[in-house]
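Would you be able to build a 3D model of this:
(one chain, ligands or ions: 1)
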Amino acid sequence: MAGLYIHIPFCKQACHYCNFHFATSLQYKPELLEAMHLELVGRAPEWQHQSFETLYFGGGTPSLLEIPELGSLLHTIRQQYALSPTAEITLEANPDDILEAKLLEWKQLGINRLSLGVQSFAQGDLTWMNRAHDADQAIHALKKSIQHFSNLTADLIYGTPGLTDAQWIQNIQTLIDLGIPHISAYALTVEPKTPLEKQIRLKQKPETDPDQQARQFLLLVDMLTQAGFEHYEISNFAKPGFRSRHNSSYWQGVSYLGIGPSAHSYQPPVRSWQVANNRQYIEQIRKQIWIHESETLTGAQQLNESVMIGLRTTEGLSLNAIPPVVQEKWKPLIHRYVTAGWLVCETDHIRLTNTGKLQADGIAAAFFMEEGDQIN
Ligand code: SF4
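Below is the predicted model of the structure:
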């Protein structure tokens, strides 16, 4: 079982907080798509033994692709890979690209899940982020999309400096009222080398406020769980039956193949990735260099990854797979965090409470093993 990720590295304009790989010029689009076809064909032999249960078009902005471009990628994928007939096939789309005709064509191509980058319904907030769509377009896109895609998810961002708690509540309530069955919500993070990081450094924009982010996270959890959503991962909420199969498989350590510039692949214990540059990607693929760089995860690194991922999920981290020597070492830590009210310890699982989730990364890091530590 495996997942397939296709990275479409083009966007209409740069959102100021974004550190994904994308270009705002379509200059290399034909060559780049040709290279992606070559990569799909060139790497297929290595993945022949796998059945692909999920396919995810992410980016960038996959909804910028013309229908024949998307159809042709899907055709190559179906020819070269064992894509399950019941596969979840997700397309990320921006609200300004949603047209009824496009929705129908995506459905005909076999897309069965749509992910809309809404981020906010507050116009000042959207302008602050430099999003390409406005608040009315976001509402219109969601209303149209839900008519054709029952499996629909929307992204929101909280903790932006201008976003009041009242506006945040309104953002969440709008998605609940529209009947959207899956929501991903992320705290605004200031990533290196983004326009936002520079604007904050030059004092053109204020820094983020951790208290506001914590408050808005707790409001989010409260409203969505009351509305019948499962909080199945720190940033992800789903009505029963609507969890993302693709993202869930990442969290379960399933192998995945990533195609396109900057895309990562994982075949335990090896992680590999493509260069995050469109021109260099095209050149390397033309030379049949199928992998830009790779690393083999050590036992400690694999354990640390499973801690970090496990603690983010609602099920928590299963202790069954953790060697007794490590569990012994963790005992005082578990006791300390349980006493602080940040962790719950069940027979064979540890999981974070809602207040624990506010500092998930720090708590996970405390459990990390160092190279050279005894882990079995
Ligand atoms: S549309 Fe998405 S990928 Fe493109 S710049 Fe904005 S956040 Fe980044």
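
Pull up the residues of the stretch 1-150 of the chain that are close to the ligand.
Selection of the stretch 1-150 of the chain residues close to the ligand by Cβ under 6 Å from any ligand atom yields C11, A14, C15, C18, F20, F22, G59, G60, T61, N94, G117. (Each C-beta comes from the backbone N, C-alpha and C, glycine too.)

residues touching the last one, list them.
Residues touching G117, when contacts are defined by Cβ atoms under 8 Å, 6 or more residues apart in numbering, comprise T61, E92, A93, N94, P95, R131, D155.

among those residues, which are in strands?
Among the contacts of G117, the ones falling in strands (DSSP state E) are E92, A93, D155.

Who does the second one form a beta bridge with?
Here A93 sits in beta bridges with L116, as judged by DSSP bridges.

right, and it touches V118 too?
No - contact criterion Cβ atoms under 8 Å: A93 and V118 do not qualify, at 10.4 Å.

Which neighbours do those two have in common?
Common neighbours of A93 and V118 (Cβ under 8 Å, 6+ apart) are A141.

so what pLDDT did the residue in the stretch 201-350 of the chain positioned nearest to the ligand get?
The nearest approach of the stretch 201-350 of the chain to the ligand comes at S262, 10.9 Å away (Cβ to the nearest ligand atom). Listed pLDDT for S262 reads 98.

close enough to count as contact, it and H21?
Yes - using Cβ under 8 Å, S262 is in contact with H21, at 3.6 Å.

Overlap of the contact sets of the two?
Between them, S262 and H21 share the contacting residues H7, P9, A276, judged by Cβ under 8 Å, 6+ apart.

Could you tell me which of those residues are located in strands?
H7.

Would you convert the shared contacts of S262 and H21 into a markdown table that also reports pLDDT, distance to L109 and neighbour count?
Shown next, in a markdown table, are the shared contacts of S262 and H21 (pLDDT from 0 to 100; distance: Cβ to Cβ, whole Å; neighbours: other Cβ atoms under 10 Å):
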| residue | pLDDT | distance to L109 | neighbour count |
| --- | --- | --- | --- |
| H7 | 98 | 18 | 24 |
| P9 | 98 | 20 | 24 |
| A276 | 97 | 27 | 16 |
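
and the shared contacts of S262 and H21 as TSV, adding distance to F229?
Listed next are those as TSV, based on distance: Cβ to Cβ, whole Å:
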residue	distance to F229
H7	28
P9	32
A276	34
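
In three-state terms, how would G372 be classified?
G372 carries the three-state label coil when classified by DSSP: H, G, I helix; E, B strand; the rest coil.

Then Y256?
What three-state DSSP gives for Y256 is strand.

so it makes contact with N247?
No - using Cβ under 8 Å, Y256 is not in contact with N247, being 10.6 Å away.

Tell me which of these two has more neighbours.
When Y256 is set against N247 and neighbours are counted by other Cβ atoms under 10 Å, the residue ahead is Y256, at 22 against 19.

who's in contact with that one?
Y256 touches A2, G3, L4, Y5, S249, Y250, H264, S265, Y266, counting by Cβ under 8 Å, 6+ apart.

Where do the strands of the stretch 251-376 of the chain begin and end?
255-259, 264-267, 270-273, 293-296, 317-318, 343-345, 349-352 (DSSP state E, counting those that start in this stretch).

Mind checking the pLDDT average for the first one?
Confidence over strand 255-259, taken as the mean pLDDT, stands at 98.

export it as CSV, just CAs?
This file holds the C-alpha atoms of strand 255-259, laid out as CSV (Å, rounded to 0.1, in the frame of the first residue of the first chain):
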residue,chain,number,x,y,z
SER,A,255,5.3,4.6,1.9
TYR,A,256,4.7,7.4,-0.6
LEU,A,257,6.1,8.6,-3.9
GLY,A,258,6.3,12.3,-4.6
ILE,A,259,6.6,13.6,-8.1
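
Return the distance of that strand from the chain's centre.
Put simply, strand 255-259 sits 14 Å off its chain's centre (Cα atoms, centre = their mean, to the nearest Å).
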